[in-house]
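A.B. asks: Generate a structure from the sequence data that follows.
(chains A and B)
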Amino acid sequence: MSGQTQNGNNALLKATTTRRNFLKVSASAAGGLSLSLSLPGCSVLDKKGLDDAGRWQANAWLEISPDSRVSFTLDRVEMGQGTYTGLTTLLAEELDVPPVQIKVVFAPVATVYRNPDYGMQLTGGSNSLSSSWQQIREAGASVRMMLLAAAAEALQVPVSDLKTDRGFVVHEGRAKRLNYGSLAKLASKQAVPANPALKKPSEYRYIGKLNKRLDSHLKVTGSAVYGIDINEQTPGVDGLRYAVVSRSPWIGGRIKRHNGQALEGKFGVEKVVNISSGVAIVAKRYWQARKAQEKLTIEWLRENDQPINTEAVFDFYRQQGKADEGDSVRSEGHIDSAIENAHKVLEVEYRAPFLAHATMEPMNCTAHVRQDRADIWTSTQAPDLARVVVAKVSDVSLSDVHIHNQFIGGGFGRRLTQDFVGEAAEISYLAGGAIKLVWSREEDTQNDFYRPATLHTLRAALDENGRPIGWDHQIISPKIIDWYVWDAAPAMFPWAPKFMYSMLGHTGLMTEGTPITPADTSAYEGAQDLPYSIPAIEVRHTKADAGVPISYWRSVGHSHNAFVVEGFIDELAHEAGQDSYQFRRSMLASSPRLRNVLDRVATQGQWGRQMESGVFQGIAAHKSFGSYVAELVEIKIEHGEIRVLKVVCAVDCGLVVNPDIVTMQMESGIIFGITAALYGEITIEDGHIQQSNFDDYRLLRMNQSPEIETIIVDSEAHPRGVGEPGVPPAAPAIANALFKATGKRHRRLPLKLS
Amino acid sequence: MQISLNGNVHSLDIDPDTPLLWVIRDEIGLTGTKFGCGKGLCGACTVHLNGLAIRSCITPVSMAEGQLITTIEGLAEGEKLHPVQQSWISHNVPQCGYCQSGQLMSASALLASNSNPDDADIDAAMSGNICRCGTYPRIKSAIKEAAKNLQAMNDLAYEVKV
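C.D. replies: Now for the predicted structure:
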């Protein structure tokens, strides 16, 4: 998902947030203390669904058992980005329990677990830490105060004589140490503090200091359970069979006939069923289903008269861009007069391709759909949307769909779309019993919801000194909301009957840009908020959708807009005869944090130094999801390929909770960004996706990986995300270095030498 | 058919052309070994066959008959983690973690045959393992640390013997 812009964010419904949390405490069944944190209006929401003030509920759940075990229900998924560690650290800090002692449990679907920024239970937009920062610390602090009050009561001493120390309440005078578990029951009867005092940064024991991940041991021993690892040993799963699906070879195809029935009862095949997306084979074993799939012959009917071709998509974009100048999303000064009065006008076209997510864990889902209950085991970024797709294909109502979410083997936005969950549920519904659907890599590559391809036309008006006096940027692309709304809108209104789902989707689209449904800014985020001071700025979006399925892809609109903006700025520096770094710097007076990260990489990376022969530097800076990142790259051309040797990165993401996770995410984003810049391209010929596996959809490997140095800017600003912001600057920094190497501007991704 | 996995012998009634990966995951029920590509392109399914790193997604189970197979679950000695597992933790290598079983099996096989790999050796041994989260720089550092620790352990063992 996209992050904040000045107009809000990409959520379909922007929820209003309030800091005035409301805590509910009760003794848990096991005799411990449990605390839920919610907002006023939550009970209204439970009964009625929607309320102006209480559209969302906040989201922590913590339990202390009599034997002092602390468990924390994590309502954001762990897909590598570090919520498992980061959010647990927040709780640990204020509760005063070592993070390693806290058991983390993945949340089921509940309105209380909705992401306050989106009004849906989903993880994306690099906002987990930012949006949970206050609530989870307050949840921990409140419970700590109640434990202190309980100890005061038990020991008959004033609270002021007590302190906590890593899971104990301590009375130094009497040399008493009471563990939290022994106090839990008494604590549950204490009044909930109205405004729990939070620690000052100088008092932090774990925030900014803990530098380990809490999930490492599970992940180096093979014991972390991902969706694909669900099997007969998983509690609640029995009679499991395996399913594979043959889908249309083209975008837009439906089944005419097939020989599936002839396979039933042979080769281990139990059932062959037609589902919305194709033909499913259910067999006792996975490999039997795969082998039987080779014997399945399907005749397909084309739904599209005009099959999709990549070049035709860009031609269509170009025509739309000419026919419709687009919606203005930023207008400052007078662009027309700037162009008219310009000494020189520079006009160029940039473009970015469709991209697959290519998560290492292919799409998979285990489903058991019964008449009145459905159980789903999977790895999903949006559990409440998963419920919607299950309800759509079965008789089960939303509240009877139980999502058992697991560790995620890579999300990057792919698992915000729930098509694979819908397929598994539909197969289970039609074939009966529990089934495990596993996509092949080829199926995963060819049935993705892709990062949209985009076309950009840019004009710059330059004065006689070559300085820009006007900037006009037209983005031509589809809108992700058009694809995402159909499952998202019903997820936001869980009380709505199924016949309303389609209507809710239409309403969501019709009300886009109103307080009900904020504008989908994903196409122009990172372009609209151009940070450079130029007298006239015009940013426009022209919608053009060629019918290729699209969704959110790590850093979303920033993934292409940073390439375009930072590439074109580099062109303008060259036009003005100025240094790329100094030119940017001179126009960043109104964005000091961005200028600072730029300065930091220029210094650390020794910008402009004498380079060894054949090595070239490039620089770029971009703000996304509230965080500022600059990258300085060094590249060389080796065996006819672009090779990135080194990246120096500086990030200002506000206050840092786990410094090494910030560093990890910068490294991760950079390598993800380099992969896209050098290799990333999904092409379509005659409606067919031409890439299939890692041989033709290449990902960066160890021998191509650069040395990376990350600088974290000290800051006490509100903490912001790091999962995505490392991605956007990589492509333009490389493209800018490539210009130095080749003398040629590269305005298309991926970057190609010829 | 019988196969030996992590020191245990398993009797199987299975098509001999079934890839070893699915036998390990679905028949034996050890899920640490992952499916990534099915073509030997990504290394997520890497296991040891008689100590050598192989891609189990393209190895028919029949080829593993009578051989010694080790998976990620068999890398540690009881509670004691293998040096690569330890250095993976100390370097915060895993992110999503999905590819890491395969990375660890490739790295441990490398160190078994080369106690002091340089960057080129590491690149050669590890470039068949894809990590979409981009943990390569950390993997490289972690392998070097594990090599040092292994060396120290061997030196210690030598001293004790002498």
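
A.B. asks: Tell me if A:Arg213 really is in a strand.
C.D. replies: No - counting by DSSP: H, G, I helix; E, B strand; the rest coil, A:Arg213 falls outside a strand, being coil.

A.B. asks: now it: how far from B:Lys144?
C.D. replies: The gap separating A:Arg213 from B:Lys144 is 20 Å, by CB to CB, to the nearest Å. Bear in mind the C-beta positions are built from the backbone N, C-alpha and C, glycine included.

A.B. asks: Show me which of the two is the more surrounded one.
C.D. replies: A:Arg213 (25 against 17; other CB atoms under 10 Å in any protein chain shown).

A.B. asks: what about B:Asn116, how many neighbours?
C.D. replies: 11.

A.B. asks: so it touches B:Ala146, yeah?
C.D. replies: No - using CB atoms under 8 Å as the test, B:Asn116 is too far from B:Ala146 to be in contact (11.1 Å).

A.B. asks: Tell me the pLDDT of the closest residue to chain B within chain A.
C.D. replies: Here the residue of chain A nearest chain B is A:Gly222; by CB to the nearest CB that distance is 2.0 Å. Per-residue pLDDT puts A:Gly222 at 98.

A.B. asks: Quick check: the gap between it and B:Glu73.
C.D. replies: For A:Gly222, the distance to B:Glu73 (CB to CB) stands at 5 Å.

A.B. asks: Compare the two (neighbour count), which wins?
C.D. replies: A:Gly222 (26 against 18).

A.B. asks: give the contact list for the more buried one.
C.D. replies: B:30-33, B:71-73, B:101 (CB atoms under 8 Å, 6 or more residues apart in numbering or on different chains).

A.B. asks: Can you verify A:Val727 is assigned to a strand?
C.D. replies: No - read with three-state DSSP, A:Val727 is coil and lies in no strand.

A.B. asks: Any regions of chain A where pLDDT drops low?
C.D. replies: For chain A, the stretches with pLDDT under 70 are A:1-61.

A.B. asks: where's the residue lying closest to A:Arg370 once chain neighbours are set aside relative to B:Cys131, distance?
C.D. replies: Counting by CB to CB, 6 or more residues apart in numbering or on different chains, A:Arg370 lies nearest to A:Val396, which is 7.6 Å off, once chain neighbours are set aside. A:Val396 sits at a distance of 38 Å from B:Cys131 (criterion: CB to CB).

A.B. asks: Which of those two has more residues huddled nearby?
C.D. replies: Per other CB under 10 Å, whichever of A:Val396 and B:Cys131 has more neighbours is B:Cys131, with 33 against 21.

A.B. asks: Please tell me how far the residue lying closest to that one once chain neighbours are set aside sits from B:Thr33.
C.D. replies: The shortest distance from B:Cys131 to any non-neighbouring residue, by CB to CB, 6+ apart, is to B:Cys99 (4.8 Å). B:Cys99 is 11 Å from B:Thr33, where distance means CB to CB.

A.B. asks: out of these two, which sits in the busier spot?
C.D. replies: B:Cys99 (29 against 25).

A.B. asks: quick one: that one and B:Tyr136 touch, right?
C.D. replies: No - using CB under 8 Å, B:Cys99 makes no contact with B:Tyr136, being 10.7 Å away.

A.B. asks: Chain A next: which of the contacts of A:Gly222 are close?
C.D. replies: Contacts with chain A within the contacts of A:Gly222, counted by CB under 8 Å from any CB of the partner chain: B:30-33, B:71-73, B:101.

A.B. asks: closest to A:Met702 among these?
C.D. replies: In terms of CB to CB, no member of the ones next to chain A among the contacts of A:Gly222 lies closer to A:Met702 than B:Ser101, at 16.2 Å.

A.B. asks: follow-up on the earlier one: what secondary structure does the residue of chain A closest to chain B sit in?
C.D. replies: Recorded secondary structure, A:Gly222: coil (three-state DSSP).

A.B. asks: Please apply the same query to B:Ile130.
C.D. replies: Following three-state DSSP, the label given to B:Ile130 is coil.

A.B. asks: give me the residue from chain B nearest chain A.
C.D. replies: Chain A sits closest to B:Gly32 of chain B, with a gap of 2.0 Å, by CB to the nearest CB.

A.B. asks: Setting aside sequence neighbours, what's the nearest residue to the residue most central in space within chain B?
C.D. replies: By CA atoms, centre = their mean, chain B has its centre lying nearest to B:Met105, at 1.3 Å. Of all residues not flanking B:Met105 in the chain, B:Thr46 sits nearest, at 4.2 Å (CB to CB, 6+ apart).

A.B. asks: related to what we said a few turns ago, mind checking how far the residue nearest to the centre of chain B is from A:Val401?
C.D. replies: B:Met105 is 37 Å from A:Val401, by CB to CB.

A.B. asks: ok, now A:Asp395?
C.D. replies: For A:Asp395 relative to A:Val401 (CB to CB), the value is 11 Å.
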